[in-house]
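>>> no sequence for this one, just the structure:
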Ligand SMILES: N=NNCCOCCOc1ccc(-c2cn(C[C@@H]3NC[C@@H](O)[C@H]3O)nn2)cc1
């Protein structure tokens, strides 16, 4: 066995998101989000699941924080439900909504756990969607107003902020592929939304600076890695395009002040363009204090004409897959991190999501999730390789603290290191919880 030592000072955390764990969907003035609409629309979410109750963390957050404290994490990433703060999307602020997050954040701080707050984790107010949602530039202003409210309300309590979670999921997965809410299938719409999301991010960062909020701000794109099946240029280019829709498309505007030309050219070939307004790129390129990176999976791929949006074909190589069907590809994690560091320089990075779906169930009060432990072991080893290669990693948030509502997969897919019985809401610590607790306590890993 080899010991992999992590640098002193790395922050160990875990993550969830409001719609996936809170429940209390109709309580204390919360307004309806697009995920309430989508999950209550027959056929959209597996088994007809919805977030009405979820893990009931709205009421059980003290128990959850006890579990976080026992785990030994020093940071916890959560998201705020925008419709709890603005029940109409804009206009009146819902004080009970703010009060809940004050209780929650105060309890985290009392237990020595630093909050990292994601402002937008997909639960757009339905009233804003009814007016076009992220396709309507007015939503940018509504988001900045919401962000300003949260900055003013929690300045000094919350010192790590993320504007957006996974803008690729919000734009392309939800508006081109139709897999997530609101379920559109329109590439031009999705591309326009991706731009508006970045403008909203940039304007929120400008507001953060203007208000002189204590702390740091970033955003959390999702990433994947596709290794070219061969050294043929067409295979290399095909992989670059599909990976580029998540990496360069969202990171070049923030870190380079422009969209990647190879992606603009490709979208143009597909009859899709961007309508930039005066000042958009200047807004987007506001310097961030850190970058959040979400990584789950990757694959081998090659060029195949007219296959998918990017003329790519993923190659089945018999590699292990998790219970959501994603290949286990830890080398891709290393490649993503070193590629990003090489392209954008020494930006501080938090791994804001990494984890695996394995649906192991309790037996005699124990959940034996060896496959999740193996996934985490390999991915933390890849993370250590990236750190040793000079990537500026500041922390790691395991997705997820507990099993929760996995969007279109509903409750059928379990990512937690804590098992949740959705009938009784009883939490059961899995073997991976105890394994992660040891990694945190030791700050090293045995492989
Ligand atoms: N039409 N085709 N349908 C089938 C084909 O789907 C194509 C791809 O689908 C996808 C792709 C990616 C995801 C995804 C999920 N997470 C995990 C969450 N991250 C934020 C946090 O909230 C976690 O829950 N990250 N990425 C889901 C579905």
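Done, it's in. Quantities reported herein were computed from a predicted structural model and do not represent experimental measurements.
>>> count of residues packed around residue 67?
18 (other CB atoms under 10 Å). Glycine gets a C-beta too; all of them are placed from N, C-alpha and C.
>>> buried residues in the strand or helix carrying it?
Element membership for residue 67, per DSSP states H and E: helix 57-71. For helix 57-71, a neighbour-count test (16 or more other CB atoms under 10 Å) marks 57-58, 60-61, 64-65, 67-69, 71 as buried.
>>> and the next helix or strand after that helix, what does it pack against?
Of the helices and strands lying after helix 57-71 in sequence (DSSP H and E), the nearest is strand 75-79. If you count contacts as 3 or more CB pairs under 8 Å, 6 or more residues apart in numbering; DSSP states H and E, strand 75-79 packs onto strand 11-15, helix 18-21, strand 114-120, strand 160-165, strand 393-399.
>>> follow-up on the earlier one: which residues touch the helix holding residue 67?
Residues outside helix 57-71 that contact it (CB atoms under 8 Å, 6 or more residues apart in numbering): 14, 16, 21-24, 27, 55, 76, 100, 103-104, 107-108, 111-113, 401-402, 417-418, 425, 427, 429, 433, 436-437, 440.
>>> what angle separates it from strand 75-79?
If you take axes from the mean of the first three to the mean of the last three CA atoms, to 10 degrees, helix 57-71 sits at 160 degrees to strand 75-79.
>>> residue boundaries of the helices in the stretch 101-250 of the chain?
Using DSSP state H, counting those that start in this stretch, the helices found in the stretch 101-250 of the chain span residues 126-129, 138-154, 167-168, 174-175, 187-210, 233-244, 248-256.
>>> for the ones you listed, which one ends up most surrounded?
With neighbours taken as mean count of other CB atoms under 10 Å, the helices of the stretch 101-250 of the chain reach their highest mean count in helix 174-175, at a mean of 28.
>>> please enumerate residues in contact with that one?
Applying CB under 8 Å, 6+ apart, the set of residues contacting helix 174-175 is 122, 135, 180-186, 189-190, 193.
>>> close to the ligand, is it?
No - counting by CB under 6 Å from any ligand atom, the ligand is not contacted by helix 174-175; separation bottoms out at 9.7 Å.
>>> so for that helix, mean pLDDT?
Averaging pLDDT along helix 174-175 gives 98.
>>> name the residues of the stretch 151-300 of the chain found near the ligand, please.
Within the stretch 151-300 of the chain, the residues that sit near the ligand (CB under 6 Å from any ligand atom) are 165-166, 169, 173, 177, 179, 222, 294, 296.
>>> and the residues you listed, which of them are buried?
165-166, 169, 173, 179, 222, 294, 296.
>>> which outside residues touch the helix-or-strand element of the chain with minimal mean pLDDT?
Averaged element by element with mean pLDDT, DSSP states H and E, the chain has its least confident helix or strand at strand 444-446 (a mean of 94). Residues outside strand 444-446 that contact it (CB under 8 Å, 6+ apart): 1-6, 377, 380-381, 384, 439.
>>> in the stretch 1-150 of the chain, which residue sits closest to the ligand?
Closest contact between the stretch 1-150 of the chain and the ligand, by CB to the nearest ligand atom, is at residue 17 (4.8 Å).
>>> my guess is that residue contacts residue 78, does it?
Yes - shown here, residue 17 and residue 78 form a contact pair, counting by CB atoms under 8 Å, at 7.1 Å.
>>> all helices of the stretch 301-447 of the chain, in order?
Ranges of helices in the stretch 301-447 of the chain, per DSSP H, counting those that start in this stretch, are 330-344, 370-388, 431-442.
>>> what about the longest one, near the ligand?
No - Helix 370-388 is not in contact with the ligand by CB under 6 Å from any ligand atom; minimum separation 13.9 Å.
>>> elements contacting that helix?
Against helix 370-388 (3+ CB pairs under 8 Å, 6+ apart) you get strand 3-5, helix 330-344, strand 349-354, strand 393-399, helix 431-442, strand 444-446.
>>> which ones are touching the residue nearest the centre of the chain?
Nearest to the mean C-alpha position of the chain, by CA atoms, centre = their mean, lies residue 165 at 4.3 Å. Shown in contact with residue 165 (CB under 8 Å, 6+ apart): 17, 79, 118, 120-122, 220, 292, 294, 352.
>>> again, but for residue 124
Applying CB under 8 Å, 6+ apart to residue 124 gives the contacts 33-34, 82, 133-134, 139, 181.
>>> so how far is residue 312 from the nearest residue to residue 230 once chain neighbours are set aside?
In space, and not counting its chain neighbours, residue 230 is closest to residue 302: 6.6 Å by CB to CB, 6 or more residues apart in numbering. Residue 302 sits 7 Å away from residue 312, taking CB to CB, to the nearest Å as the criterion.
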